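Participant: okay, predicted coordinates and the sequence, questions at the end:
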2 protein chains.
Amino acid sequence: MSDTQNPHPKIVTAAILVIGDEILSGRTQDKNMAHLAERLTEIGVQLREARIIPDIEAEIVAAVNQLRSKFDYVFTTGGIGPTHDDITADSIAAAFGVHIDYHPEAMKLLTRHYQTSGIEFNTARKRMARIPDGASLINNPVSKAPGFQIENVFVMAGVPVIMQAMFEEIIPRLIGGAKMLSRTIGAGLPEGRVAEKLGILQKIYPTVAMGSYPYFRQGEVGTNLVLRSVEADQLNAAFDHLMTELTKMGASAVETS
Amino acid sequence: MSDTQNPHPKIVTAAILVIGDEILSGRTQDKNMAHLAERLTEIGVQLREARIIPDIEAEIVAAVNQLRSKFDYVFTTGGIGPTHDDITADSIAAAFGVHIDYHPEAMKLLTRHYQTSGIEFNTARKRMARIPDGASLINNPVSKAPGFQIENVFVMAGVPVIMQAMFEEIIPRLIGGAKMLSRTIGAGLPEGRVAEKLGILQKIYPTVAMGSYPYFRQGEVGTNLVLRSVEADQLNAAFDHLMTELTKMGASAVETS
């Protein structure tokens, strides 16, 4: 069993930093967080924090510096377009204390892109080629203007279809750790009835995080019990134990996904 | 005009702290943030930051203490149910350095609720009456278990229908400031063409925040230009000026909501 070979699998952590006034004003609903949360879990990276902050340089600098020292990876979305309110690249440069300038490779690929499409490569569009010193580019297969990586910080576009494409490009650069496994039981009991037993089981299986989420569906009250662990044997033992206890209580209990 | 009477309207700021492993794992999509962002804007409170953190006491304590010193109001959601993973109340008590115990008023209303509904008021459910010293209760018209306010921090449930009801209960306690007004223009131009002009107008109207959001609809490329300000006259002047410039450029430009 892989657990025997690797009894203490490495935990790899990440934070997401969503940059944009439009999310905080309620005008636009963020769609990137949920997507990144799911994809990161799949590759063995645990999302530990998400922050949404406005397009203000001091805020971006403070958040980036706090998060990059605390987590293995930081993923930012938003603020790398051609307009004056797109200040993410400059703010990241400031956070790292490095210079920012037109990146030769980015200039080349944008020049070619706009030539091909017959669109003027004006001053505003050239802003999208400004990349902090020492950063490597992240390919943008959708609209060409690249994202970039500097140390453990990955800077991506805010438009979901572009962000998702950029994230797939950077997956080969990420080193995942232990994969978080999970199993869920849908129990036909209110949370308050299952709580005591769940608390006891949590103490027996300390490496299995047990979450309890009530649901209300067509007048029916129930609880989704989510067990999560990087240790498959502990997860399965806790799952079987909880199933047995729920059955003893006379509750309907089925595994759901 | 109200702008003349009150040339420097007070800016009131807020942060939202979403507490819960299930949001970070991607299992549950947060629905509270967008609702709060909209309602806060309506009552003259500007949402300046949103954070999502896991059910870990040290993380909750650090985030609450950072946010409550930085913003006028902090709203937390999640982690106040009956199960062992609901640790928000204890963590808030720790953040404020105060004791936490069964709150007489909360005990009374939960005792009555469970008596009426014929459900056992067991130890787990009694956890929901634990409130930090010095906090005042927030009424929960949906499922009775209260939230609470301690100083400028408002602690609410995570289930959206309950959170929304709790928020309506606390609105009378909030003192709003200048209302952020906004007007949006849908322009039939790509972002890169409107960028330069928008940057020039931003310098002319420094109190009007100008945001630019590209859209792609059925092969049509355009940009939503969002102007926001607490000063109605500046907002309207900037709006008219931008409309004129867009028309000069030969772009379709209509006000959208």
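Facilitator: Now that the structure is in, tell me what you want to look at.

Participant: now for A:A238: which residues touch it?
Facilitator: In this structure, A:A238 makes contact with A:201, A:204-205, A:208, A:210, A:227, A:229, judged by C-beta atoms under 8 Å, 6 or more residues apart in numbering or on different chains. Every C-beta, even on glycine, is put in place using the N, C-alpha and C of the backbone.

Participant: alpha carbons of the top helix by length along chain A, in PDB - could you do that?
Facilitator: Longest helix in chain A by number of residues (criterion: DSSP state H): helix A:232-248. Output of helix A:232-248 as PDB, limited to C-alpha atoms (Å, rounded to 0.1, in the frame of the first residue of the first chain):
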ATOM      1  CA  ALA A 232      -6.900   6.100   2.500                       C
ATOM      2  CA  ASP A 233      -7.000   3.400   5.200                       C
ATOM      3  CA  GLN A 234      -8.000   5.800   7.900                       C
ATOM      4  CA  LEU A 235     -10.600   7.400   5.700                       C
ATOM      5  CA  ASN A 236     -12.200   4.100   4.900                       C
ATOM      6  CA  ALA A 237     -12.100   2.900   8.500                       C
ATOM      7  CA  ALA A 238     -13.700   6.100   9.700                       C
ATOM      8  CA  PHE A 239     -16.300   5.900   6.900                       C
ATOM      9  CA  ASP A 240     -17.300   2.300   7.800                       C
ATOM     10  CA  HIS A 241     -17.400   3.100  11.500                       C
ATOM     11  CA  LEU A 242     -19.700   6.100  10.900                       C
ATOM     12  CA  MET A 243     -22.000   4.100   8.600                       C
ATOM     13  CA  THR A 244     -22.300   1.400  11.300                       C
ATOM     14  CA  GLU A 245     -23.200   4.000  14.000                       C
ATOM     15  CA  LEU A 246     -25.700   5.800  11.700                       C
ATOM     16  CA  THR A 247     -27.400   2.400  11.000                       C
ATOM     17  CA  LYS A 248     -27.500   1.700  14.800                       C
END
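
Participant: after it, next one along is what?
Facilitator: Where DSSP states H and E defines the elements, the next helix or strand beyond helix A:232-248 is strand A:253-256.

Participant: neighbouring strands for that next one, and are they parallel or not?
Facilitator: strand A:181-187 (antiparallel) (DSSP bridges).

Participant: and the average pLDDT for the strand it pairs with is what?
Facilitator: Strand A:181-187 carries an average pLDDT of 95.

Participant: can you spell out which helices and strands pack onto the next helix or strand after it?
Facilitator: Downstream of strand A:181-187, the first helix or strand assigned by DSSP H and E is helix A:191-204. Secondary-structure packing of helix A:191-204 (3 or more C-beta pairs under 8 Å, 6 or more residues apart in numbering or on different chains; DSSP states H and E): strand A:209-217, strand A:220-229, helix A:232-248, helix B:123-126.

Participant: now helix A:191-204: buried residues?
Facilitator: A:191-199, A:201-202 (16 or more other C-beta atoms under 10 Å in any protein chain shown).

Participant: how near is A:I52 to B:A62?
Facilitator: Going from A:I52 to B:A62 by C-beta to C-beta, to the nearest Å gives 18 Å.

Participant: repeat for A:K31
Facilitator: For A:K31, the distance to B:A62 (C-beta to C-beta) stands at 28 Å.

Participant: what's the burial count for A:T207?
Facilitator: 12 (other C-beta atoms under 10 Å in any protein chain shown).

Participant: which SS state does it fall under?
Facilitator: In three-state terms, and counting by DSSP: H, G, I helix; E, B strand; the rest coil, A:T207 is coil.

Participant: there's contact between it and A:D233 in this structure, I believe.
Facilitator: No - A:T207 is not in contact with A:D233 according to C-beta atoms under 8 Å; the separation is 10.0 Å.

Participant: who in the stretch 151-257 of chain A is up against chain B?
Facilitator: A:159, A:180, A:182, A:190-196, A:198-199, A:202, A:209-214, A:226, A:228 (C-beta under 8 Å from any C-beta of the partner chain).

Participant: an error on my part: the question was meant for the stretch 1-150 of chain A.
Facilitator: A:21-30, A:33-35, A:37-38, A:41, A:47-55, A:59, A:81-86, A:119-120, A:122-125, A:127.

Participant: any of these buried? List them.
Facilitator: Buried among the residues of the stretch 1-150 of chain A next to chain B by 16+ other C-beta under 10 Å: A:21-28, A:30, A:33-35, A:37, A:41, A:47-55, A:59, A:81-86, A:124-125, A:127.

Participant: helix or strand for A:A15, which one?
Facilitator: strand A:13-19.

Participant: which strands or helices does that strand pack on?
Facilitator: Against strand A:13-19 (3+ C-beta pairs under 8 Å, 6+ apart) you get helix A:32-42, strand A:46-53, helix A:57-70, strand A:73-77.

Participant: low-confidence stretches in chain A?
Facilitator: A:1-9 (pLDDT under 70).

Participant: domain boundaries for it, per the record?
Facilitator: A:2-173, A:181-256 (automatic domain parsing).

Participant: hey, which of those is tucked in deepest?
Facilitator: Ranked by mean neighbour count, the domains of chain A are led by domain A:2-173 with a mean of 19 (mean count of other C-beta atoms under 10 Å in any protein chain shown).

Participant: so how far is that domain off the chain centroid?
Facilitator: Put simply, domain A:2-173 sits 12 Å off its chain's centre (C-alpha atoms, centre = their mean, to the nearest Å).

Participant: now do stretch A:214-223
Facilitator: Chain-centre distance of stretch A:214-223: 29 Å, with C-alpha atoms, centre = their mean.

Participant: ends of it, how far apart?
Facilitator: One end of stretch A:214-223 to the other measures 4 Å (C-alpha to C-alpha, to the nearest Å).

Participant: ok, A:H241 - contacts?
Facilitator: Applying C-beta under 8 Å, 6+ apart, we find A:H241 in contact with A:201, A:204-205.

Participant: from those, pick the one nearest B:V155.
Facilitator: Taking C-beta to C-beta as the measure, B:V155 sits nearest to A:L201 out of the contacts of A:H241, at 26.9 Å.

Participant: that closest one reaches A:S212, doesn't it?
Facilitator: No - taking contacts as C-beta under 8 Å, A:L201 lies outside contact range of A:S212: 11.1 Å.

Participant: shared neighbours, the two?
Facilitator: Here A:L201 and A:S212 have no joint contacts, going by C-beta under 8 Å, 6+ apart.

Participant: can you get me a residue count around A:A178?
Facilitator: Applying other C-beta under 10 Å, we find 19 other residues in the vicinity of A:A178.

Participant: and it, that one's in a strand?
Facilitator: No - going by three-state DSSP, the assignment for A:A178 is coil, not a strand.

Participant: would you confirm that it contacts A:G44?
Facilitator: Yes - in this structure, A:A178 is within contact of A:G44 by C-beta under 8 Å, at 6.1 Å.

Participant: now for those two: what residues contact both?
Facilitator: A:V12.

Participant: roughly how far apart are A:M156 and chain B?
Facilitator: Applying C-beta to the nearest C-beta, to the nearest Å, the value for A:M156 to chain B is 15 Å.

Participant: give me the phi and psi for that residue.
Facilitator: The phi/psi pair for A:M156 (degrees, to the nearest 10) reads phi -120, psi 170.

Participant: need the contact list for A:A195.
Facilitator: A:A195 sits in contact with A:212, B:81-84, B:122, B:124-125, B:127, where contact means C-beta under 8 Å, 6+ apart.

Participant: measure A:V155 to chain B for me?
Facilitator: A:V155 is 18 Å from chain B, by C-beta to the nearest C-beta.

Participant: hmm, A:F75 is touching A:N152, no?
Facilitator: No - using C-beta under 8 Å, A:F75 is not in contact with A:N152, being 9.9 Å away.

Participant: list residues touching both of the two?
Facilitator: Counting by C-beta under 8 Å, 6+ apart, A:F75 and A:N152 have no shared contacts at all.
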